[in-house]
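Novice: For reference, the sequence and a predicted model appear below.
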There are 2 protein chains.
Amino acid sequence: METLPDKTVERLSQYRRSLNNQLAKGKEHIFSHEIANLLHITSVQVRRDIMLIGYSGTLRKGYDIKELVHLIGVILDTDQGQKIAVIGMGNIGKGFIHYLYEKRSKLKIVAAFDINPEKIDKTYADVYCYHLDKLEEIIQNENIKIGIITTPPLVAPEIANKLVNAGIKGILNYTPKPLSVPDDVYLEEYDMITSLEKVAYFVKEK
Amino acid sequence: METLPDKTVERLSQYRRSLNNQLAKGKEHIFSHEIANLLHITSVQVRRDIMLIGYSGTLRKGYDIKELVHLIGVILDTDQGQKIAVIGMGNIGKGFIHYLYEKRSKLKIVAAFDINPEKIDKTYADVYCYHLDKLEEIIQNENIKIGIITTPPLVAPEIANKLVNAGIKGILNYTPKPLSVPDDVYLEEYDMITSLEKVAYFVKEK
DNA sequence: TTTCTATTGTTAAAAAAATAACAATATTTT
DNA sequence: AAAATATTGTTATTTTTTTAACAATAGAAA
Ligand SMILES: NC(=O)c1ccc[n+]([C@@H]2O[C@H](COP(=O)([O-])OP(=O)(O)OC[C@H]3O[C@@H](n4cnc5c(N)ncnc54)[C@H](O)[C@@H]3O)[C@@H](O)[C@H]2O)c1
Ligand SMILES: NC(=O)c1ccc[n+]([C@@H]2O[C@H](COP(=O)([O-])OP(=O)(O)OC[C@H]3O[C@@H](n4cnc5c(N)ncnc54)[C@H](O)[C@@H]3O)[C@@H](O)[C@H]2O)c1
């Protein structure tokens, strides 16, 4: 399958989450407009996304939730699930680990790193926290491919470099410091202030 | 000025952050391609955004950083700055408060809410944490217009209702539970897992 | 059995966003 | 003083994303 549109990939992740919720409630089939309502989007968009991943529902029952969740998994997850490291075990880093732990996602955080002795050599929701010095060693031994940066902004570029050198292929940056990485490393950045200022702007405009 | 495109609003917030960094370094003028490099976007996009907000640079010096920052402020900020409440003082909620505190943004978090007695009646980076029961009272007295939800997902819809009833006009939802709000309330939702699964997908595709 | 209905899958159109193209021009160089 | 240069501002084009339109049809109702 050729690469899916950016936005479709984002939505697939959201579909899966909502679909799993529905499964848990005992629902087995679902219509496009029901999925749409759960996510506040249109049913056309849902059908289009599902078309793009090559799945078909039935005319009277809609989509088989289990099958759909499974297929989304095939697309989003790798075979063994991808391994992830978190660098910076502060509020955000810890929140992330607990969140993923609860979700039992295929994506596994397998190591955390910090420089504060109080954080190091402890376990947070089954994730062991190492000293930053061990970064390269652990990442290579464990074959970790994704890094999440939640350190103070100032050190983020230095961490990004270390991650790239250690062979990481994807970085999720939660610090407000924009990073530079080689072309073959996928970089996603997020800043809460941007979200917040966006809300503030549209509240003001209304 | 008619309403700016969604994406431009997001970028303005990012421009301002980077521009303030440059100001702090003593830089007074900046070219579109320099801003572009800081944010990993193209210079055309920068110029186009700046055009949209009606600012002009000079041909040989580029943009006056102070003026530009000021103008972005006029657009993104309200006169006295908007007041914000955070509901749920866990990892994410606390992280947010500390982050905004450091930034000294125009956007002010003026109240926090929780139900855990250990969290209540304490102050976090100058923000006082009240019991959830006080929500409506405080929001109305303080004229708070924006709410950030960082509670466990299960209670998020209930919190959203309370916020709407109290007169909130914008909600930033960090729980993975999709919310429904009236049309006149602006809703922004963010889920870290979506970002992470997106990174994982594109890492896998490369 | 035939008609009706609700829903899918898909193509077409529209809207939004990003990128390219380039004219205008202030400043520097020759 | 003329030519060269670098950069802006803006329009045009392309690409991406969303929305609309609708034919096809499984199953329910008549
Ligand atoms: N992106 C957002 O939306 C958002 C929101 C809030 C905070 N933040 C940012 O996220 C980051 C983390 O925020 P937080 O509230 O968790 O901060 P925090 O201060 O609670 O945690 C930072 C952690 O990084 C560790 N650290 C410091 N230097 C390090 C290094 N060189 N290597 C490894 N670890 C190191 C610290 O010991 C600490 O545990 C900050 O950059 C902050 O600005 C982002
Ligand atoms: N969106 C994301 O990217 C992301 C990442 C990690 C966690 N999360 C989500 O963010 C939320 C917060 O995560 P966290 O790690 O900070 O969780 P947390 O458990 O540390 O904090 C939750 C807080 O909410 C409080 N609370 C519980 N019920 C409440 C109620 N009815 N009213 C007010 N407060 C209440 C708790 O006392 C606690 O202080 C969760 O929904 C979690 O799933 C989101």
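Specialist: Received, thanks. Ligands and ions are numbered 1, 2, ... in the order given.

Novice: Give the residue spans of chain A that score low on pLDDT.
Specialist: Within chain A, the stretches with pLDDT under 70 are A:1-2, A:79-80, A:206.

Novice: How about chain A: which residue is closest to ligand 1?
Specialist: A:Gly90 (1.7 Å; Cβ to the nearest ligand atom). The way it works is simple: take the backbone N, C-alpha and C, and place the C-beta from them, glycine included.

Novice: Give me the nearest residue to that residue, chain neighbours excluded.
Specialist: Take A:Gly90 and drop its neighbours on the chain: the residue closest to it by Cβ to Cβ, 6 or more residues apart in numbering or on different chains is A:Thr150, 6.3 Å away.

Novice: again with A:Asp49
Specialist: Counting by Cβ to Cβ, 6+ apart, A:Asp49 lies nearest to A:Thr8, which is 4.9 Å off, once chain neighbours are set aside.

Novice: what about stretch A:119-134, how long is it end to end?
Specialist: End-to-end span of stretch A:119-134 (Cα to Cα, to the nearest Å): 14 Å.

Novice: Would you mark the buried spots in it?
Specialist: When neighbours are counted by 16 or more other Cβ atoms under 10 Å in any protein chain shown, the buried residues of stretch A:119-134 are found to be A:Lys119, A:Ile120, A:Tyr124, A:Val127, A:Cys129, A:Tyr130, A:Leu132.

Novice: Show me how chain A divides into domains.
Specialist: Taking automatic domain parsing as the domain assignment, the record places the domains of chain A at A:6-75, A:82-193.

Novice: Looking at these, which is nearest to B:Ala111?
Specialist: With Cβ to Cβ as the measure, domain A:82-193 is the member of the domains of chain A nearest B:Ala111 (17.7 Å).

Novice: is the closest one anywhere near DNA strand C?
Specialist: No - no part of domain A:82-193 sits near DNA strand C under the criterion Cβ under 7 Å from any atom of the strand; the closest distance found is 13.5 Å.

Novice: start to end distance for that domain?
Specialist: Using Cα to Cα, the distance between the terminal residues of domain A:82-193 is 29 Å.

Novice: Next: stretch A:18-37.
Specialist: Across its full length, stretch A:18-37 reaches 11 Å end to end, with Cα to Cα as the criterion.

Novice: can you pull the buried residues of that stretch?
Specialist: A:Ser18, A:Leu19, A:Asn21, A:Gln22, A:His29, A:Ile30, A:Phe31, A:Ser32, A:Glu34, A:Ile35, A:Ala36, A:Asn37.

Novice: Check the gap between the nearest residue to the fifth one once chain neighbours are set aside and A:Ile30 for me.
Specialist: Looking back up the chat, that one is A:His29. With Cβ to Cβ, 6+ apart as the criterion, A:His29 has its nearest non-adjacent residue at 4.3 Å, and that residue is A:Lys61. Plainly put, A:Lys61 is 9 Å away from A:Ile30 if you go by Cβ to Cβ, to the nearest Å.

Novice: before we move on, back to that, would a markdown table of the buried residues of stretch A:18-37 with distance to A:Phe96 and secondary structure be doable?
Specialist: Rendered in a markdown table, the data for the buried residues of stretch A:18-37 read as follows (distance: Cβ to Cβ, whole Å; DSSP: H, G, I helix; E, B strand; the rest coil):
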| residue | distance to A:Phe96 | secondary structure |
| --- | --- | --- |
| A:Ser18 | 21 | helix |
| A:Leu19 | 23 | helix |
| A:Asn21 | 21 | helix |
| A:Gln22 | 25 | helix |
| A:His29 | 33 | strand |
| A:Ile30 | 29 | strand |
| A:Phe31 | 33 | coil |
| A:Ser32 | 32 | helix |
| A:Glu34 | 30 | helix |
| A:Ile35 | 26 | helix |
| A:Ala36 | 29 | helix |
| A:Asn37 | 29 | helix |
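
Novice: Please list which of the buried residues of stretch A:119-134 also come close to ligand 1.
Specialist: With Cβ under 6 Å from any ligand atom as the criterion, the subset of the buried residues of stretch A:119-134 in contact with ligand 1 comprises A:Lys119, A:Leu132.
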